[in-house]
Structure formats: C-alpha cells, structure tokens
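S.K.: Pasting the sequence and the predicted coordinates here, then a few questions.
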Amino acid sequence: MLLLLLGTPPAKAASTAPSACALRGTTGWTDEGHNTDYSVFQRPIGTIKVGMIFVDFPDAPATESPADDAAQLMPGADWLWNASYGKAWLAITQQQRWVRMPHNSTDYGFARGLSHETHEAYLKDAVTAADRDVDFSRYDMVYVVATRNASAISFTPTYVYDPGTAGVVADGTRIKWAVTFGQDMWHWGPKLVAHETAHSFGLPDLYAFDAGTDAHRFVGGWDVMGLIGGKAPQYFAWESWKLGWIDDGQVYCQASVGSGTARLTAVEYGSGTKMAVVRTGPTTAYVVESRRAVQADTAACSTGALVYKVDTSAQTGYGPIRVMDAKPAATPASGCRPLDDAPYWAGESFTDSAARVRIDVLSADGYGETVRVTKW
C-alpha cells in the first residue's frame, strides 16, 4: 500500500557492504537464506549434466515417441540459461527409448504429500530399469519422464537424497538429485524444468501450501518458483544473488540507518545493479528490483519497481517472499495493472513504519528505475 512518511528522513547516505544484507536461512531445508548447504544441494553454476530417461508401465504402455515428451521439456534448458545470465547450463542427454517399470503406474502412490521414501522407490525402479543402457556415473542429476498415458503419475516432484534413507546407487554413483516428471508437464511446459531443478539448488516453493486459500497470494506471477505459468516469471533478484548468478557488485545494501539512491536495471537484463536491499532483522529484509514482463501484450502494464519482503526463517510454501502490492488511487493513463501484486511506478512509494523502511521510486525509463531507500 502507499503511505506517506511523516517527518524528514535521514539525509546521510549509509550504504554498506552487500554482505551485510545477506541473510542466513534457519529452516534446515530449502529457504531464501544465503547459507545453502552444498553437501545437500547442488551448485547452480556451470554445466550440470543431466540424464533424461523415459518410462512406461504395464498398465500404461507408451504410444507416443520419447521425442514428443522431450520436446515439452528441452526448451527449459535455454530458459534456465537465460534466467541465470549464462551462469548455469543443463546439458541434457536423452535416452531415446522407453523402459518398462516393474509395477503398474497406480501402484506408486503418487499424490500430494508423497513421502520421500515412496518417491525414492519410484526413482530406484526407474534407474534400475534403465541401468542396462545408461551409465549413470556420467550425470550430476537424472530426469525421469513418465509416458503421457500414465495419468496416475500426476505431478512432478524433485528428489534430493536424504542420508537417512537407503538412497539410489547405479554404476557406482549415488543419485543425489532427480526430477520425476508427471502429467502436469503438459500444462506447465518447459518452465517446469526451471522450477523443479531450482529445488535441487536449494530454492523453496513460493506458492502457498495451505489448502482453501489463494495458492499464489504471496508472489503472484512474478517468480517461476511461485506461479510457473505467470505472466512475468523469472527468479527474483534476491534468489539470483543467493544462487551466485548476480554478484555483490550488483547489490545496493542499506543495513544501517540512512538513505541512499540506486539506479536499478531490470532483472530480465543481465548488467547493472539488480536490487536494493534494506535489512530489517536477523532473517528479514525488504528488496526493491526492476521488472519487465516478458509478454509483449502485457509489457505496457506490468513494468516497474517490485517491492517484496524476504524472511529466511519462513519455510517453503509459507511465504519466504511476499510481494508488496502497489495500489494507486486512480488508474494511470498509460494503462492497467494486469498482474497481481503490481509494481510501483515513478512518483510512488512504499512505507513500512513498523520496520522503519521507506522506498521511493524517483524515475523510470525503458531499462529500469532509480529508487531511494531509507532506513530510520
């Protein structure tokens, strides 16, 4: 919401080292903290070698070509390459044949809330079925693609090895990371690859897990970890910083009392300062970044400075990032705001008096916004 800050903000520019705005995660699993445990998750930098295998079932034999299924997913590698500013590449090797799973598709217990052990058993059967023709020691992770005819394999979970379970070993290699693609791949398309693979990097889900409410109330369509099919999906600049895709030199940090100005270029572009961060506590901060929608039909209505709150103590699915909605008093002449949780335009401001933070959007052009961030 738009608020006016009473009084005069401090004039001192007190930008600090970006590391002062990096927050530690405290959940012990996927969260928005910078202290990713790379003994558990995989590093999202460089070439990631992926083996893609295709499985069908006694009760759901494949009638399509593996190439048909692969075509639904393979563009995801290019999408991730662009989103990571060329820092991460999925080198996917397709095993272009169907391998038969030992059990019916309905026997694998695929449902929301699928346990790690049940998921691991499915992965183990797939790897074992393909092992005769696949050298799994060549790959960092595995994609298992179920035939389109297997309606029981309804959705797409990510597997991360838990040392407390037996795990899956093939060709002398432990399978630590995998994605098992189900029928929702035909709905979400290639960006599902980016969403699920990013879980193996340590990113949490940004949609809401609780039932009976708006699942996308936290971030709307602004991040592929939330609404995969949103009108402006990308990774938040905060996440790109966490993953090492943008560096400290592209971050403006306000960790102490003061005020400063930053010129932001949109996260969809590779260069320039990508975000301004105002730290508000041990696990919380406000972030402002510049965004440009990717679809031409919405670009005029969904550009601007996006403000969101990060809480690295919040668990996956419970709002570790929440976008602050800009609601102008009147509809601007330039058009509508079709996305939920709309961005701020030049002349607008956000204030959280309790956190003693104000963010002003001073100006904008086709490439980004100039903002002033204040902590008092």
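M.R.: In hand now; what should we look at?

S.K.: ok, for residue 159, nearest residue in space, not its chain neighbours?
M.R.: Leaving aside its sequence neighbours, residue 159 sits nearest to residue 178 (Cβ to Cβ, 6 or more residues apart in numbering; 4.2 Å). For glycine as for every other residue, the C-beta is placed from the backbone atoms N, C-alpha and C.

S.K.: longest strand of this structure?
M.R.: Identified as the longest strand of the chain according to DSSP state E is strand 88-100.

S.K.: if we can go back for a sec, burial count for the residue nearest to residue 159?
M.R.: 27 (other Cβ atoms under 10 Å).

S.K.: And it, what's its pLDDT?
M.R.: Confidence at residue 178, expressed as pLDDT, is 98.

S.K.: so where do the helices sit in this protein?
M.R.: Using DSSP state H, the helices of the chain run over 66-73, 75-83, 116-130, 185-188, 191-200, 237-243.

S.K.: elements contacting the longest one?
M.R.: Right, the one you point to is helix 116-130. strand 46-56, strand 88-100, strand 141-146, strand 158-160, strand 177-181 (3 or more Cβ pairs under 8 Å, 6 or more residues apart in numbering; DSSP states H and E).

S.K.: Same check on the first one?
M.R.: Identification of packing neighbours for helix 66-73 by 3+ Cβ pairs under 8 Å, 6+ apart yields strand 46-56, strand 88-100, strand 141-146, helix 185-188.

S.K.: Ok, which of those comes nearest residue 238?
M.R.: Among the helices and strands packed on helix 66-73, the nearest to residue 238 by Cβ to Cβ is strand 88-100 (16.8 Å).

S.K.: Adding distance to residue 26 as columns, could you present the helices and strands packed on helix 116-130 in CSV?
M.R.: Output for these, formatted as CSV (distance: least, Cβ to Cβ, whole Å):
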stretch, distance to residue 26
strand 46-56, 27
strand 88-100, 26
strand 141-146, 27
strand 158-160, 19
strand 177-181, 23
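
S.K.: of these, which approaches residue 39 most closely?
M.R.: strand 158-160 (11.3 Å).

S.K.: That closest one pairs with which strands, parallel or anti?
M.R.: strand 177-181 (antiparallel) (DSSP bridges).

S.K.: Just the angle for the partner strand relative to helix 116-130, thanks.
M.R.: 90 degrees (axes from the mean of the first three to the mean of the last three Cα atoms, to 10 degrees).

S.K.: Could you export the helices of the chain as a markdown table, including mean neighbour count and mean pLDDT?
M.R.: Listed next are the helices of the chain as a markdown table, based on neighbours: other Cβ atoms under 10 Å; pLDDT from 0 to 100:
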| stretch | mean neighbour count | mean pLDDT |
| --- | --- | --- |
| helix 66-73 | 17 | 98 |
| helix 75-83 | 18 | 97 |
| helix 116-130 | 19 | 97 |
| helix 185-188 | 16 | 97 |
| helix 191-200 | 24 | 98 |
| helix 237-243 | 25 | 98 |
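
S.K.: got those helices as TSV, with distance to residue 43 columns?
M.R.: As requested, the helices of the chain are arranged in TSV below (distance: least, Cβ to Cβ, whole Å):
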stretch	distance to residue 43
helix 66-73	22
helix 75-83	14
helix 116-130	21
helix 185-188	25
helix 191-200	10
helix 237-243	9
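
S.K.: Please identify the deepest-packed of the helices and strands packed on helix 66-73.
M.R.: When these are scored by mean count of other Cβ atoms under 10 Å, the highest mean neighbour count falls to strand 141-146 (a mean of 26).

S.K.: contacts for it?
M.R.: 42, 48-57, 66, 69-70, 73, 92, 105, 122-123, 126-127, 136, 153, 175-183, 185, 193, 197, 200 (Cβ atoms under 8 Å, 6 or more residues apart in numbering).
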